[in-house]
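Visitor: build me a structure from this.
(2 chains)
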Amino acid sequence: MAASDPNKLISKADKLTRLSLTRWNADWKSATVLYEQAANGFRVARDYVNAKIAYEKASKGQEMLASPWDAAKHLESAAALAKDLSNWQEVGDFYRRASELYMECGRPQPASDALAKGARALEDSMSEEAIQLYTDACTILEDDGREQMAFDLYRAATNVYIKLEKYTDAASFMLRLGLAADKCNASNSQCKAYLSAIIIYLYAHDFKQAQQCYNDCYQIDAFVRSDQNRCASKLLAAYSDGDVEEIKRIAQSSTISNLDHVIIRLARKLPTGDVSALKSDNAEDEEQPLDEDDLT
Amino acid sequence: MSVIDILTRVDSICQKYDKYDVAKQRDSNISADDAFAKLYASVDADIEALLQKAETAPKEKTKASTVAINAEIRRTKARLLEEVPKLQRLAMKKVKGLSSQEFAARNDLVLALPDRIQDIPDGTPAPPKRTGGWAASASRPGIKFDSDGRYDDEYFQQTEESSRFRQEYEMRKMKQASLDMIAEGLDTLKNMAHDMNEELDRQVPLMDEIDTKVDKASSDLKNTNVRLRDTVNQLRSSRNFCIDIVLLIIILGIAAYLYK
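Guide: Here you go, the predicted model:
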């Protein structure tokens, strides 16, 4: 097939679908077939722009033929090509639309997969949009009751937040991961999520928040019985003592080395800021009640 | 100076000044009416005093005073050796308020006494003990620690014990290091096992779904096969064959007619 054939196919297909005086019903069936052939031809010829357009039209045709599955598949291919073209807005739109079509088919798993793929493509360029896509993907999975699949998505979203230096959001995502893990009785992931949240708070140098987080997590049985609990308590104790060496030693321990690599990097950079300030604050709070001269 | 030398010398210092601590300990430990304990305490005190005297002996200016001190030491040693059988008899007696372990321990203490008494240096040449490895420390003239060359063998006697301790310490250190490595490896294994567990849990419902779908697909196939077999059988029925053959003959006839 010559390279101009895809163009011819496209124009033929367009003619089939354009309504005019002689044609009152668009012939979507043959048009869709032609569009698909054209798209393949363009892709082989590495003409990504036209291939993308052809895929879009093919997907529209499939929609008209009431087969949302094929439509969604074509949109995904179109989106992948848009990613190669660095056309980020279109990438997001295509993946969203594909995910909606998958949901129409009643298949939430591929829907969330499509959103996840979109988010991964947009991580570097449109991080906010990527996070939105991750969140939506997680929501879809949770509604379907498949939280287990959502773990990876939560972790990826947290990584993006950390890259954007939005630590509170990152920590809250980790806590959502913990919640999802709790529902599926995945205690190891749950405890790792809580420990990661505490580390993120400490990295943001928000000791009170970290302490609060630890106290909240302490209510949960699975966490209390775990290694991660011991590691967290040691870390917080080292922080309140202002012992930098101890903090560094705990950060090298194997419990922390089993977490996600982004979290490990944060932990190795602890302590940020002035730990002795925390120590003096705590010491002042403790000395007041010991004032023996106070007769009240 | 190596760490080993430092350790050895610290041992000697501690031993030299331990007599103060030991006395206090003994005073607090002795209960009122325990004859054995009192006698043993006094014998112990005598031994320590003798040891001290033995250490001061070489520092005397004149040979005569050294000889006198040595004689004194020998006399006291003989006296103490006579006390030992008395102590043994006392140790055999059961005293109320004494646990059986302590009773056994007393026996051992009494048995160890004669050796201790003999070991007190009194100027007679003692058998050489482990002089080989310690030439290095003996050859440092500038650093003196309450002894000269003459007391090198007592030094070495002490270091026999301290070298045993040192060996034990090093063995324990090695064991601790290897145990640490094992612990780290186990931590990694535990984490991997947990993750594998969760992954398998994740895949169980997927496998169930696959199971259902495959069952459905295979039953569909079976149905289709049965129907296909029926259809083909119907098509291949003998009546159809005859019709096919007849028609074929007719066509061949027409062709032959046309070509003739």
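Visitor: lowest-pLDDT helix or strand in chain B?
Guide: Lowest by mean pLDDT, DSSP states H and E among the helices and strands of chain B is helix B:135-138, with a mean of 48.
Visitor: where does the prediction get shaky in the stretch 1-150 of chain B?
Guide: Applying pLDDT under 70 to the stretch 1-150 of chain B flags the ranges B:1, B:22-34, B:61-63, B:94-99, B:103, B:123-150.
Visitor: cool, and the stretch 151-296 of chain A?
Guide: For the stretch 151-296 of chain A, applying pLDDT under 70 flags the ranges A:274-294, A:296.
Visitor: so which bits of it are right by chain B?
Guide: Within reach of chain B by C-beta under 8 Å from any C-beta of the partner chain, the stretch 151-296 of chain A has these residues: A:Cys184, A:Asn185, A:Ala186, A:Asn188, A:Ser189, A:Asp227, A:Ser254, A:Thr255, A:Asn258. Placement of C-beta: from N, CA and C, glycine included.
Visitor: and those, which of them are in helices?
Guide: Those of those mapping onto helices are A:Asn188, A:Ser189, A:Asp227, A:Ser254, A:Thr255, per DSSP state H.
Visitor: out of those, which end up buried?
Guide: Buried members of these, counted by 16 or more other C-beta atoms under 10 Å in any protein chain shown: A:Asn188, A:Ser189, A:Asp227, A:Ser254, A:Thr255.
Visitor: next, count neighbours for the residue in the stretch 1-150 of chain A that chain B sits nearest to.
Guide: When distances are taken as C-beta to the nearest C-beta, the stretch 1-150 of chain A reaches nearest to chain B at A:Gln148, 4.1 Å away. Around A:Gln148 there are 22 other residues, counting by other C-beta atoms under 10 Å in any protein chain shown.
Visitor: quick check: closest non-adjacent residue to it.
Guide: Take A:Gln148 and drop its neighbours on the chain: the residue closest to it by C-beta to C-beta, 6 or more residues apart in numbering or on different chains is B:Arg202, 4.1 Å away.
Visitor: from the chain's centroid, how far away is the helix or strand containing that neighbour?
Guide: Counting by DSSP states H and E, the element that carries B:Arg202 is helix B:152-235. Its chain's C-alpha centre and that of helix B:152-235 lie 28 Å apart, by C-alpha atoms, centre = their mean, to the nearest Å.
Visitor: name the SS class of A:Ala66, please.
Guide: Recorded secondary structure, A:Ala66: coil (DSSP: H, G, I helix; E, B strand; the rest coil).
Visitor: can you give me phi and psi for it?
Guide: Backbone torsions for A:Ala66, taken as degrees, to the nearest 10, come to phi 60, psi 40.
Visitor: swap in A:Arg23?
Guide: When read as degrees, to the nearest 10, the backbone of A:Arg23 gives phi -130, psi 120.
Visitor: need the pLDDT of the nearest residue to it once chain neighbours are set aside.
Guide: What sits nearest to A:Arg23 in space, not counting adjacent residues and going by C-beta to C-beta, 6+ apart, is A:Leu16, at 7.7 Å. A:Leu16 is assigned 80 on the pLDDT scale.
Visitor: element containing A:Leu16, please.
Guide: Assessed by DSSP H and E, A:Leu16 sits inside helix A:4-17.
Visitor: buried sites along that helix?
Guide: So, applying 16+ other C-beta under 10 Å, buried residues of helix A:4-17: A:Pro6, A:Asn7, A:Leu9, A:Ile10, A:Lys12, A:Ala13, A:Leu16, A:Thr17.
Visitor: can I assume the third one is in contact with A:Ala38?
Guide: Yes. Counting by C-beta atoms under 8 Å, a contact exists between A:Leu9 and A:Ala38, whose distance comes to 4.0 Å.
Visitor: now the angle between helix B:152-235 and the host helix or strand of B:Ile13, please.
Guide: Element membership for B:Ile13, per DSSP H and E: helix B:3-29. Going by axes from the mean of the first three to the mean of the last three C-alpha atoms, to 10 degrees, helix B:3-29 is angled at 100 degrees with respect to helix B:152-235.
Visitor: circling back to that earlier point, give me the next element, helix or strand, following the helix holding A:Leu16.
Guide: Next along the chain from helix A:4-17, counting by DSSP H and E, comes helix A:28-44.
Visitor: can you list the residues of the stretch 101-250 of chain B near chain A?
Guide: Within the stretch 101-250 of chain B, the positions near chain A by C-beta under 8 Å from any C-beta are B:Glu184, B:Asp187, B:Thr188, B:Asn191, B:His194, B:Asp195, B:Asn197, B:Glu198, B:Asp201, B:Arg202, B:Pro205.
Visitor: what does the pLDDT read for the fourth one?
Guide: In other words, B:Asn191. We have a pLDDT of 91 for B:Asn191.
Visitor: skip the chain neighbours and tell me the closest residue to it.
Guide: Closest to B:Asn191 by C-beta to C-beta, 6+ apart is A:Asn258, at 4.1 Å.
Visitor: give me the neighbour count for that neighbour.
Guide: A:Asn258, neighbours per other C-beta under 10 Å, totals 21.
Visitor: so how far is A:Tyr239 from it?
Guide: 21 Å (C-beta to C-beta, to the nearest Å).
Visitor: just give me the neighbour total for the nearest residue in space to A:Tyr218 that is not next to it in sequence.
Guide: Counting by C-beta to C-beta, 6+ apart, A:Tyr218 lies nearest to A:Val224, which is 6.1 Å off, once chain neighbours are set aside. Applying other C-beta under 10 Å, we find 12 residues neighbouring A:Val224.
Visitor: please give the element, helix or strand, for the residue nearest the centre of chain A.
Guide: Centroid-nearest residue in chain A, with C-alpha atoms, centre = their mean: A:Ala157, separated by 3.2 Å. Following DSSP H and E, one finds A:Ala157 within helix A:147-163.
Visitor: my guess is A:Glu246 contacts A:Leu236, does it?
Guide: No. In this structure A:Glu246 lies outside contact range of A:Leu236 using C-beta under 8 Å: 11.1 Å.
Visitor: the two: which is more packed in?
Guide: A:Leu236 (19 against 15).
Visitor: need the contact list for the nearest residue to the more buried one once chain neighbours are set aside.
Guide: Once flanking residues are discounted, A:Leu236 sits nearest to A:Tyr214: 5.9 Å by C-beta to C-beta, 6+ apart. A:Tyr214 sits next to A:Ile198, A:Ala232, A:Ser233, A:Leu236 when contact means C-beta atoms under 8 Å, 6 or more residues apart in numbering or on different chains.
Visitor: relative to A:Leu195, how far out is A:Tyr214?
Guide: 9 Å.
Visitor: and for those two, which residues touch both?
Guide: A:Ala232.
Visitor: okay, and A:Ala210 sits in which element?
Guide: Going by DSSP H and E, A:Ala210 is in helix A:207-218.
Visitor: buried residues, that helix. List them.
Guide: Buried residues in helix A:207-218, defined by neighbour count with 16+ other C-beta under 10 Å: A:Phe207, A:Gln209, A:Ala210, A:Gln211, A:Cys213, A:Tyr214, A:Cys217.
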